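Predicted structure and sequence below. I'll ask about it afterward.
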There are 2 protein chains.
Amino acid sequence: MPDYDVLCIGNAIVDIIAQCDEAFLEINGIIKGAMNLIDTRRAELLYSRMGPAIEASGGSAGNTAAGVASFGGRAAFFGKVSNDALGEIYAHDIHAQGVAFDTRPLKGEPPTARSMIFVTPDGERSMNTYLGACVELGPEDVEADKASGAKVTYFEGYLWDPPRAKEAIRQTAKLAHEAGREVSMTLSDSFCVDRYRDEFLELMRSGTVDIVFANSHEIKSLYQTKSFDEALAQIRKDCKIAAVTRSEKGSVIVRGDETVVIEATAIKELVDTTGAGDLYAAGFLHGYTQGRNLKTCGDLGSLAAGLVIQQIGPRPRQNLRREAEGAGLL
Amino acid sequence: MPDYDVLCIGNAIVDIIAQCDEAFLEINGIIKGAMNLIDTRRAELLYSRMGPAIEASGGSAGNTAAGVASFGGRAAFFGKVSNDALGEIYAHDIHAQGVAFDTRPLKGEPPTARSMIFVTPDGERSMNTYLGACVELGPEDVEADKASGAKVTYFEGYLWDPPRAKEAIRQTAKLAHEAGREVSMTLSDSFCVDRYRDEFLELMRSGTVDIVFANSHEIKSLYQTKSFDEALAQIRKDCKIAAVTRSEKGSVIVRGDETVVIEATAIKELVDTTGAGDLYAAGFLHGYTQGRNLKTCGDLGSLAAGLVIQQIGPRPRQNLRREAEGAGLL
């Protein structure tokens, strides 16, 4: 059985990143800060209106896998690309980061997924995702040895958007738990939570998911409350551990009655928030799978999130292990 | 007749950019700081060894065209992509920057050109270029109205590598001069100069080229001398204007007996030198086609070059017009 620290499962997406002003979002009906799902026609329209861009491998759980590997953890990834140019780029980048990625690429259409990410002057990112080949991820893509062999399996709530990925998740979670492993998820996006609230709650309450990552908007959406404290009190009961990020206010980790408050790391300049939550999860899960206490897990998450938001693109260029050692965290 | 400030002609290349250490260059036989031409097999080998990368539209003259447009100039571009995913990205980015680009894409193989750019910790870039579809650029791609309608035509010495682009250049230069326009070129790379020294000198001495851009290595290679001053004295006789960049020492512009010394702009951090020369040419040519004096042309070049080397990728994300206005240059 291969031995991994973290197995990540998510939509395999190449990001196309450009700057825009606030008016652009409004004129084009893009919900700011959200992941907007788009079809082929809207993808073409938005691309025709988009400024000069750069391309970078992304996808929430893929970014987390890359982050874990950069910390020196043993990471694996399940995600579906097509056998096209963007798919090759995606596979190259995640392999080059040292992540085990063997999901069979789709032959032909639909093409590899892409997300047009518009970054406004305040650094906020607004995503417009064409799922493409991701809709083909299914239970046949579960590699049982990795599902059983990873200390923690981590998946994104976004996987409830494509039709059959949820079957892959349930199967992986079953294999993981049978092997005595833990399963975690991110709630991904407050609108995503709104689409799949009952299913996400069921995943948590049934014990399919042990550890939940979310931001404050997402847990408030999950429990349909305006009160962060109320949402936090609720999530405490619904999963073993919840790590809730609060942007510049840092994060709060709860486990039963225990509460750990984590500060955000100081940054010089907020450039692009893309990947902040993904990298927080990477830092947390790396610490967690190395047996660190929750405080250190949270600090590692803050460190990685703080680095990625000071650059354009969703995966930090720095070696995270070196950064963490420099900060005295590893 | 369409009216353009600058028509740029060059290899249309998508950059694939990653960091590496010095040892990587040595182990892989990559000449540091140079443009290394590679074939398909070597491209595959190097990509398999390359770290996680990002993609960005590049190509020397394409970067210059994008820079001119960002300054608010009217720019056009001739360059050959294939009708594939990277070709679409290339066309999107240059159109989105406001550059007129209508070269008919190649149908099918070879694919759009790509350059694997390795950036070492000192910020130097070492390029490994697979020319792909660029080898198909030929005189049939000359749009006569643009050749006649642009105040200055600018092309890259790199175009002597593909087989038939030089025919396109000679034809464009003829049309431009017949319309009373000027023609300029960049010497591109000291190894490129070494490959085509006699032809480049002939272009200058025959008056096919009026304005020459080069760095200190390139003019020393051109005149096969170790003395910068000697090379400068020679180039003064061989063309109407020469603008010679000297990295952190700024640049020197010579026109007949006239000499203008330009300082480099102060930078906070050298990140990636890719595009420095291209953006210097963009600033210079924008000033020149707006009738500015040589000092201002050089300062605009320094401004743009100083911005692009403080970011990853070959085209500055800033609006150059706004930056130049802020610096009191426009």
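Nice, thanks for sending it over. No experiment lies behind these values; they were computed from the predicted model shown.

so what's the most centrally placed residue in chain A closest to, chain neighbours aside?
In chain A, the centroid-proximal residue (C-alpha atoms, centre = their mean) is residue A:60; its distance is 3.0 Å. Leaving aside its chain neighbours, residue A:60 sits nearest to residue A:156 (4.5 Å; criterion: C-beta to C-beta, 6 or more residues apart in numbering or on different chains). Yep, even glycine has a C-beta here, placed from its N, CA and C like the rest.

give me the beta-bridge partners of that neighbour?
Residue A:156 has these beta-bridge partners by DSSP bridges: residue A:186.

you'd agree it is up against residue A:61?
Yes - counting by C-beta atoms under 8 Å, residue A:61 is a contact partner of residue A:156 at 4.7 Å.

thinking again about what came up before, what sits against the residue nearest to the centre of chain A?
Residues counted as contacts of residue A:60 (C-beta atoms under 8 Å, 6 or more residues apart in numbering or on different chains) are A:10-11, A:156, A:158, A:186, A:188, A:277-278.

Can you tell me which of those end up in strands?
Within the contacts of residue A:60, residues falling in strands by DSSP state E are A:156, A:186.

Please identify which pair of the contacts of residue A:60 lies farthest apart.
Largest separation among the contacts of residue A:60 by C-beta to C-beta: A:11 and A:277, giving 14.4 Å.

My guess is residue A:131 contacts residue A:161. True?
Yes - between residue A:131 and residue A:161 there is a contact under C-beta under 8 Å: 6.5 Å.

burial measure for residue A:91, as a count.
21 (other C-beta atoms under 10 Å in any protein chain shown).

The helix or strand containing it versus helix B:85-96: what angle between them?
Using DSSP states H and E, residue A:91 sits in helix A:85-96. Angle between the axes of helix A:85-96 and helix B:85-96 is 100 degrees (criterion: axes from the mean of the first three to the mean of the last three C-alpha atoms, to 10 degrees).

Just give me the neighbour total for the nearest residue to residue A:220 once chain neighbours are set aside.
Closest residue to residue A:220 apart from its sequence neighbours, by C-beta to C-beta, 6+ apart: residue A:231 at 5.0 Å. Residue A:231 has 23 neighbouring residues, counting by other C-beta under 10 Å.

looking at it, residue A:231 is touching residue A:225, isn't it?
Yes - here residue A:231 reaches residue A:225: they are 5.4 Å apart, a contact under C-beta under 8 Å.

so what sits against both of residue A:131 and residue A:161?
A:11, A:37.

Go ahead and list the helix or strand containing residue A:173.
Using DSSP H and E, residue A:173 falls in helix A:165-178.

buried residues in that helix?
A:165-166, A:168-169, A:171-173, A:175-177 (16 or more other C-beta atoms under 10 Å in any protein chain shown).

can you check stretch A:297-305 too?
Going by 16+ other C-beta under 10 Å, stretch A:297-305 has these buried residues: A:297-305.

Using JSON lines, lay out those residues together with secondary structure and pLDDT.
Shown next, in JSON lines, are the buried residues of stretch A:297-305 (DSSP: H, G, I helix; E, B strand; the rest coil; pLDDT from 0 to 100):
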{"residue": "A:297", "secondary structure": "helix", "pLDDT": "98"}
{"residue": "A:298", "secondary structure": "helix", "pLDDT": "98"}
{"residue": "A:299", "secondary structure": "helix", "pLDDT": "98"}
{"residue": "A:300", "secondary structure": "helix", "pLDDT": "98"}
{"residue": "A:301", "secondary structure": "helix", "pLDDT": "98"}
{"residue": "A:302", "secondary structure": "helix", "pLDDT": "98"}
{"residue": "A:303", "secondary structure": "helix", "pLDDT": "98"}
{"residue": "A:304", "secondary structure": "helix", "pLDDT": "98"}
{"residue": "A:305", "secondary structure": "helix", "pLDDT": "98"}
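
Same list (those) but as JSON lines, adding distance to chain B.
Listed next are the buried residues of stretch A:297-305 as JSON lines, based on distance: C-beta to the nearest C-beta, whole Å:
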{"residue": "A:297", "distance to chain B": "24"}
{"residue": "A:298", "distance to chain B": "25"}
{"residue": "A:299", "distance to chain B": "24"}
{"residue": "A:300", "distance to chain B": "20"}
{"residue": "A:301", "distance to chain B": "20"}
{"residue": "A:302", "distance to chain B": "22"}
{"residue": "A:303", "distance to chain B": "19"}
{"residue": "A:304", "distance to chain B": "15"}
{"residue": "A:305", "distance to chain B": "18"}
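
which one of those residues is nearest residue A:98?
Looking across the buried residues of stretch A:297-305 and measuring by C-beta to C-beta, the closest to residue A:98 is residue A:304, at 15.6 Å.

Isn't the closest one up against residue A:285?
No - assessed by C-beta under 8 Å, residue A:304 is found out of contact with residue A:285, at 10.4 Å.

Which element, helix or strand, includes residue A:254?
Element membership of residue A:254 [criterion: DSSP H and E] is strand A:251-255.

Pull out the buried positions in that strand.
Those buried within strand A:251-255 under the rule 16+ other C-beta under 10 Å are A:251-254.

Whichever helix or strand comes after it pairs with which strands, and in what direction?
As assigned by DSSP H and E, the chain's next helix or strand after strand A:251-255 is strand A:258-262. Neighbouring strands of strand A:258-262 in its sheet, by DSSP bridges, are strand A:251-255 (antiparallel).

What lies in contact with the partner strand?
Here strand A:251-255 has contacts from A:232, A:235-236, A:240-246, A:259-262, A:264, A:280, A:284, A:294, A:297-298, A:301-302, using C-beta under 8 Å, 6+ apart.

can you rerun that using 10 Å?
A:211-216, A:219, A:228-229, A:232-233, A:235-237, A:239-246, A:259-264, A:277, A:280, A:284, A:294-295, A:297-299, A:301-302, A:305 (C-beta atoms under 10 Å, 6 or more residues apart in numbering or on different chains).

Quick one: buried ones out of these?
Counted by 16+ other C-beta under 10 Å, these give A:211-216, A:219, A:228, A:232, A:235-236, A:239-245, A:260, A:262, A:264, A:277, A:280, A:284, A:294, A:297-299, A:301-302, A:305 as buried.
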